[in-house]
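1. for reference, the sequence and a predicted model appear below.
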Amino acid sequence: MKTDCYIGIDVGSVSTNIAVIDNKGNMLDKIYIRTEGQPIKALCSAMGKIEKNWSKSLYVQGVGTTGSGRQLASVILGADVVKNEITTHAIAAQKLVDGVQTILEIGGQDSKIILMRNGLVYDFAMNTVCAAGTGSFLDRQAARMGFSINDFGNLALKSSSPVRIAGRCAVFAESDMIHKQQAGHSAEDIVAGLCYALVRNYLNNLAKGKEIRETVVFQGGVAANGGIVKAFKKTLGTDIIIPEHYDVMGAYGAAVIACSQRKMKKTSFHGFGAVKKEYTAKGIKCEDCSNMCEVIEIASDGKVIARWGDRCGKWSDMRAV
Amino acid sequence: MNKRVGIPGGLYFYKFYPLWESFFNELGMEAVTSIPSCRKILDDGVNASNDEACLPVKMYHGHVIHLKDRVDMLFIPRLTSISKNEYICPKIGGLPDMIRHAIKNLPPVIDVEINLRDKEKSILEAVYKIARISGISKNKAKSAYSKALSDYRAFREKVKRGVLPTDILEKKIYPLPSKRIDTYKVLLLGHQYNIYDAGMNMNIIKKLKNKGVEVVTIDMSSSGELREYASTLNKKMFWNFGTLAIGMINKCIRENNIDGIVYVMTFGCGIDSFVCSMAERRIRKFSEIPFTVITLDEHTGEAGVDTRIEAFTDMISWRRADENNFSAPG
Ligand code: SF4
Ligand code: SF4
């Protein structure tokens, strides 16, 4: 017997996540892999894994994509909904955590805050510029100090007096950490200090003037880091809930939206076979006018299937599909 | 051959171009403007200008560079105030000097001061000065100005009927507002050069329209009416834009006919950060209208703007669906 399901895919520059749910929103399967600068490859291998896990027993009823590569994923897989990551994260938290009013999210490449009131999005902010507030920055510091990212979070929890680290920008934070290391502070105090610095940076950039009401949910890859969770609890003075599927919330939300629209039409999903084709993405620099757009062209088996990135529409309208 | 006057396509271009264009044309000159803002104009502007300058001022530098070799003179007025008892940004007041300092080999620059704070007569003084510079009689200049003023008023009337200034400037065929089928009405708040310049804000207006949104701006209301609405403020603001923005917000709250408000601001602009936080406080305190801020600087990525606009329109439609008892956003 086949299992009815909805698939949500979140393609970001750092990780590519997939959530497979049933029509009640229960998680059937999930995948979290690194994108490593190759979104198409990551997407295809993640979908390949799902197919293998279920050996043809899934009956896909709908597909939703999200993340910075949502358009790309949609073109390759045939998505029924293509949603921005604010909406998908909000839907996911609302579905999984009763009474959520504040969503803190820190992923590999960006961070966001979403305020919910009466079950609706009320306000949001997103940081895509400052590296000091992201998971990649933590990864880098862990690597620099010679720890795995998992040990990094646990180490922070051992600290009794975190050192104060300037966290306003990634470059400052790093040099300040080196300075504190040289001054002889213990590794756990420095690591814990970094967690506080990141939380301060996050709150200053995203939460300024916003009222953080409970229930507070923390999601995104960085929510696995105990040191950051503790720093949030201490700084906000509230409890923090980490949903079970914290690492694939965007994908989960995309699947939930695909599911909620299931009655509208038959799915446009191209099938698992789609990920076995060859895809190439290339950048074309259009010089036809002074906008000098970087147009992205996706081809499958030598045939152009989509183009985007142009301001005027002359490339994106030329779809050869 | 007619003299060509260059009017750079930045800053107060979006407010006054119809006035200036008509005035110079009436004087028998040819008003020439630069191409719409784009990557090249921005890059040239960034390279030429001071690091401290804000994005709109940098963009303006780029427009000047683009125009300067194609015209006989440049019109870069020194705007210090455009209405009574109110100032505009000091960066705009010092614009002609900044441009002369940053960009070499300029054609002659008409940099008359326009200051309406003290007496409205000063605009006539400016007009006469331009006449003197270009060797035209006072009388001819005066009648050119009154023709320009009536053209400008006609333009303002169209805008007040709900037509976007950009649609008029691009000489588009615009649908009459009443025939529009857009679903939501969103107020786009911000300095004119931030909200109307598509090359600066990654085409926000078009992005909103594609999402089925009707875009409303401050210019569609008369400034007299907005001042009325702003007069509830205990202390008078000294910035023209701030007064109008707050007046507009009060009006939207009172009339209760707006589905969302987007504030487009320049990173690092003191006036924007002041007006924006004041606007946000009022909106949150006195209404439930969804509100968001989009901040522009030269590193603003298009993907980020798309995500914010989409999330914002989702937020509006989700709320609408909730009011009508539908589930989840679509
Ligand atoms: S894609 Fe269009 S807008 Fe972009 S550079 Fe080419 S012609 Fe210009
Ligand atoms: S008001 Fe702000 S954006 Fe406008 S010129 Fe002044 S500093 Fe720049």
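-> Ah, there it is. Ligands and ions are numbered 1, 2, ... in the order given.
2. and the strands in the chain, which stretches?
-> Unless you meant another one, I'm taking chain A. A:3-11, A:15-21, A:27-34, A:58-66, A:81-82, A:102-106, A:111-117, A:120-127, A:216-219, A:279-285, A:294-300, A:303-308 (DSSP state E).
3. um, chain B though
-> Counting by DSSP E, the strands of chain B are B:4-7, B:30-33, B:73-75, B:78-81, B:109-110, B:113-115, B:184-189, B:213-217, B:260-266, B:291-296.
4. which outside residues touch the shortest one?
-> When contacts are defined by Cβ atoms under 8 Å, 6 or more residues apart in numbering or on different chains, strand B:109-110 is touched by residues B:5, B:73-77, B:96, B:99-100, B:130, B:133. In this view, the C-beta of every residue, glycine as well, is placed from N, C-alpha and C.
5. returning to that earlier point: for B:G247, find the nearest of the strands of chain B.
-> For these, distance to B:G247 was read as Cβ to Cβ. The smallest value, 11.3 Å, belongs to strand B:184-189.
6. smallest distance to ligand 1 belongs to which residue of the stretch 101-250 of chain B?
-> Closest to ligand 1 within the stretch 101-250 of chain B is B:G199: 10.0 Å, counting by Cβ to the nearest ligand atom.
7. what separates that residue from chain A, distance-wise?
-> Going from B:G199 to chain A by Cβ to the nearest Cβ, to the nearest Å gives 8 Å.
8. how about B:A230?
-> In this view, B:A230 and chain A are 22 Å apart by Cβ to the nearest Cβ.
9. ok, back up a step: save the strands of chain A as JSON lines, and put in mean neighbour count, distance to B:I110 and mean pLDDT too.
-> Shown next, in JSON lines, are the strands of chain A (neighbours: other Cβ atoms under 10 Å in any protein chain shown; distance: least, Cβ to Cβ, whole Å; pLDDT from 0 to 100):
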{"stretch": "strand A:3-11", "mean neighbour count": "26", "distance to B:I110": "53", "mean pLDDT": "91"}
{"stretch": "strand A:15-21", "mean neighbour count": "27", "distance to B:I110": "56", "mean pLDDT": "92"}
{"stretch": "strand A:27-34", "mean neighbour count": "16", "distance to B:I110": "59", "mean pLDDT": "90"}
{"stretch": "strand A:58-66", "mean neighbour count": "25", "distance to B:I110": "52", "mean pLDDT": "90"}
{"stretch": "strand A:81-82", "mean neighbour count": "22", "distance to B:I110": "50", "mean pLDDT": "92"}
{"stretch": "strand A:102-106", "mean neighbour count": "27", "distance to B:I110": "52", "mean pLDDT": "94"}
{"stretch": "strand A:111-117", "mean neighbour count": "22", "distance to B:I110": "48", "mean pLDDT": "92"}
{"stretch": "strand A:120-127", "mean neighbour count": "21", "distance to B:I110": "43", "mean pLDDT": "88"}
{"stretch": "strand A:216-219", "mean neighbour count": "24", "distance to B:I110": "58", "mean pLDDT": "94"}
{"stretch": "strand A:279-285", "mean neighbour count": "12", "distance to B:I110": "38", "mean pLDDT": "85"}
{"stretch": "strand A:294-300", "mean neighbour count": "17", "distance to B:I110": "38", "mean pLDDT": "84"}
{"stretch": "strand A:303-308", "mean neighbour count": "17", "distance to B:I110": "43", "mean pLDDT": "82"}
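10. among those, which is nearest chain B?
-> strand A:120-127 (4.5 Å; Cβ to the nearest Cβ).
11. that closest one near chain B anywhere?
-> Yes: judged by Cβ under 8 Å from any Cβ of the partner chain, strand A:120-127 and chain B are in contact via A:120-126.
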